[in-house]
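Student: How does the following fold in three dimensions:
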Amino acid sequence: MKNNLKFLIQKIIAPKSKDENLARREYILNILLITIIFLVFVGAIIIFYHLFFSNFNNYENNSLSLIFILGILLFFTTLYFLSRRGYSKYASYIFLCVLFMITAYMGYKWGVDLPAEILFYVLIIVMSGILVGTRMAFVTTFFTSLFFIIIGHLQKAGTILANRSWIVEPWGYSDAVMTSIILFIIAIVSYLFNYELEKSFKRLKESEADLKIEKDLLEIRVKEKTQELREIQAKEIAGVHRFSEFGKLSSGLFHDLVNPLTTVMLNVNKMKLDGENQPNFNLIKSELEQVSRASERMREFINSVRKQISPEGKKEPFCLNQEIEDAISVLNYKTCKNQIYLLFSADEKLITTGDAIKFGQIVTNLISNAIDAYDNTNSTDKEIKIDLKKQGNFITLSVADKGKGIEDINIDKIFEPFFTTKTEGTNLGLGLALIKKIIEEDFLGNIKVVSKVGKGSAFIINFPLI
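Tutor: Predicted coordinates for the structure are as follows:
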């Protein structure tokens, strides 16, 4: 029953317009018209009762009031059906214009100071602002004021003679009903205005809350996507960086490979000659051993290079000492070319579990940076110390040089991507950033630097022994 009643009410007053503003005005107009029709209908019943059940006292006035009330009832009913057919805007204009003309006639007929007329004007101005717009409320106020000034002046001058008998006549039932209806309509209009205003504020708050939620979700998505892109970019840059470093080392590697290869070729040629001229095979055997050692040396170089340019490996046990020695072999030509003495010391052979290739990248980058630290310096004591120690369950690796050092202003920036203190165009500024990322994420360790300008730098790595 309750749902059926609610459905019936919605069916009667629900707006049909698709536009939000027009729908809101149509909704208010329908409520006003239904309310006015109901109140006028009640007023007509009251007047009808007094007309036929009051011994016909003041019959003429009550009958005229009844006819007037019935006319008003018919008028508002017509406007309601016009609104329900989709012409709510025109119904609003007709409603306000007719109401204004009726009120103007009341002022012309009975005087501009008629209380009912003044209440009607208040009602018209309020409804103009709600049903049409704020501008219409000012237009209505302007014409109302103009009417008051002109008609009031003419009535005072005696040009228009108003029927002012209502001043001395006693207050009748029709007057009470009419005034009550006007007051109820003003109250309903005020309520609807405040109600719609509160709904608008509520929708605004809900929209703000939804917008904030969407904004927070969007920020989270952007952060996630940015982080994902950064990780992808870091992997791609890491690959580019490895090939870049390999390109820098390639000339030295080929130089180191050429010497053993030359030894192999010379000994092979000598073996041919000795084999032809000497029956003694011992000499040939010695030369073959030289060939074997040279070939082994070449194999070591090739393995070291392969580690530098290989993709990421898997986590497995590996010897830290061996990886450091391989990195030293790769950089041998670079250290010799720059006349740098490289000293590696370790208390014992240390085995850990992890990605050997990534550890090799760490050592190679740190030693390469230490070599570069002597660029444009006049130092004669060019030395790089590599110390590997075990302290409890932790490994400490330090790479120290006596180069030009790092300025204090740059200490906090050296691990940032694309930051470099080297000559522009000679370095990407990614080496230390990648090292820090590998140490923290793959080896669960940390890296710090101690440096003094003109005295050198020391990079110290600590990570758990697994």
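Student: Going by C-alpha atoms from here, please, whenever you check contacts or count neighbours.
Tutor: OK.
Student: so how far is stretch 365-385 off the chain centroid?
Tutor: Distance, stretch centre to chain centre, for stretch 365-385: 47 Å (C-alpha atoms, centre = their mean, to the nearest Å).
Student: how long is it end to end?
Tutor: Stretch 365-385 has an end-to-end distance of 14 Å (criterion: C-alpha to C-alpha, to the nearest Å).
Student: Please state the mean pLDDT value computed over it.
Tutor: The average pLDDT for stretch 365-385 rounds to 86.
Student: List the buried residues in that stretch.
Tutor: Residues of stretch 365-385 classed as buried by neighbour count (16 or more other C-alpha atoms under 10 Å): 365-374, 382-385.
Student: Check the contact between Ile69 and Val42; I expect there is one.
Tutor: No: with contacts counted by C-alpha atoms under 8 Å, Ile69 stays clear of Val42, the gap being 9.9 Å.
Student: More neighbours: which of the two?
Tutor: Of the pair Ile69 and Val42, Ile69 is the one with more neighbours under other C-alpha atoms under 10 Å, namely 21 against 15.
Student: Contact partners for that one?
Tutor: Ile69 makes contact with 40, 43-44 under the criterion C-alpha atoms under 8 Å, 6 or more residues apart in numbering.
Student: By neighbours, which of those wins?
Tutor: Gly43 (24 neighbours).
Student: doesn't Ala176 make contact with that residue?
Tutor: No: in this structure, Gly43 is not within contact of Ala176 by C-alpha under 8 Å, at 9.8 Å.
Student: Any idea which helix or strand in this structure has the lowest mean pLDDT?
Tutor: The least trusted helix or strand in the chain, going by mean pLDDT, DSSP states H and E, turns out to be helix 281-309, with a mean of 59.
Student: on that earlier part again, okay if I get the contacts of Ile69 as TSV plus pLDDT, secondary structure and distance to Ala346?
Tutor: Shown next, in TSV, are those (pLDDT from 0 to 100; DSSP: H, G, I helix; E, B strand; the rest coil; distance: C-alpha to C-alpha, whole Å):
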residue	pLDDT	secondary structure	distance to Ala346
Val40	79	helix	106
Gly43	75	helix	109
Ala44	76	helix	112
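Student: and which of the residues you listed is nearest to Lys455?
Tutor: The closest of the contacts of Ile69 to Lys455 turns out to be Val40 (C-alpha to C-alpha; 101.9 Å).
Student: what separates Ile124 from Phe138, distance-wise?
Tutor: Counting by C-alpha to C-alpha - Ile124 and Phe138 are separated by 11 Å.
Student: Between those two, which has more neighbouring residues?
Tutor: With neighbours defined as other C-alpha under 10 Å, Ile124 and Phe138 compare such that Ile124 has more, 22 against 15.
Student: average model confidence for stretch 89-99?
Tutor: On average, stretch 89-99 scores 85.
Student: For the chain, just list every one of the helices.
Tutor: Along the chain, the segments classed as helices by DSSP state H run 2-13, 20-52, 59-84, 88-110, 115-131, 134-157, 173-277, 281-309, 320-330, 332-337, 356-372, 408-411, 431-442.
Student: Test my guess that Ala458 contacts Val449.
Tutor: Yes: assessed by C-alpha under 8 Å, Ala458 is found in contact with Val449 at 5.7 Å.
Student: Look at those two and report which has more neighbours.
Tutor: Legend: neighbour count by other C-alpha under 10 Å for Ala458 and Val449, higher for Ala458 (21 against 16).
Student: what sits against the closest residue in space to the more buried one that isn't next to it in sequence?
Tutor: Among residues not flanking Ala458 along the chain, Ala400 sits closest, at 4.1 Å (C-alpha to C-alpha, 6 or more residues apart in numbering). Contacts for Ala400 were tallied using C-alpha under 8 Å, 6+ apart; they are 370, 384-386, 456-459.
Student: From Lys436, how far off is Ala400?
Tutor: Using C-alpha to C-alpha, Ala400 is found at 17 Å from Lys436.
Student: Once you drop chain neighbours, what's closest to Ala356?
Tutor: Leaving out its chain neighbours, the residue that sits closest to Ala356 by C-alpha to C-alpha, 6+ apart is Phe318, at 6.3 Å.
Student: Now do the contacts for the one you found.
Tutor: Contacts of Phe318 (C-alpha under 8 Å, 6+ apart): 351-354, 356.
Student: Please indicate which of those are buried?
Tutor: Here, 16+ other C-alpha under 10 Å leaves 352, 354, 356 buried among these.
Student: Which pLDDT value goes with the first one?
Tutor: Reading off the per-residue confidence, Thr352 sits at a pLDDT of 91.
Student: can you pull up the bridge partners for it?
Tutor: On the basis of DSSP bridges, Thr352 is bridged to Phe318.
Student: residue ranges with poor pLDDT in the stretch 101-250 of the chain?
Tutor: Counting by pLDDT under 70, the stretch 101-250 of the chain has low-confidence residues at 171-174, 196-197, 232-250.
Student: Go again with 90.
Tutor: 101-141, 143-145, 147-250 (pLDDT under 90).
Student: From Tyr108, how far out is the spatially closest residue to Leu154 that is not a sequence neighbour?
Tutor: Excluding the flanking residues, the one nearest Leu154 by C-alpha to C-alpha, 6+ apart is Ile160, at 5.6 Å. Ile160 is 8 Å from Tyr108, where distance means C-alpha to C-alpha.
Student: Neighbour count: these two, which is higher?
Tutor: The neighbour count for Ile160 versus Tyr108, taken as other C-alpha under 10 Å, is higher for Tyr108 (22 against 15).
Student: got a list of what that one touches?
Tutor: 151, 160, 162.
Student: Just give me the neighbour total for Ser457.
Tutor: Ser457 has 21 nearby residues by other C-alpha under 10 Å.
Student: wait, doesn't it sit right on Glu407?
Tutor: No: look at Ser457 against Glu407 with C-alpha under 8 Å: they stay out of range, at 10.4 Å.
Student: shared neighbours of the two, which are they?
Tutor: What both Ser457 and Glu407 touch, as defined by C-alpha under 8 Å, 6+ apart, is the set Ser451.
Student: Show me what counts as buried in stretch 137-155.
Tutor: Within stretch 137-155, the residues that count as buried by 16+ other C-alpha under 10 Å are 137, 140-141, 144, 147-148, 151-152.
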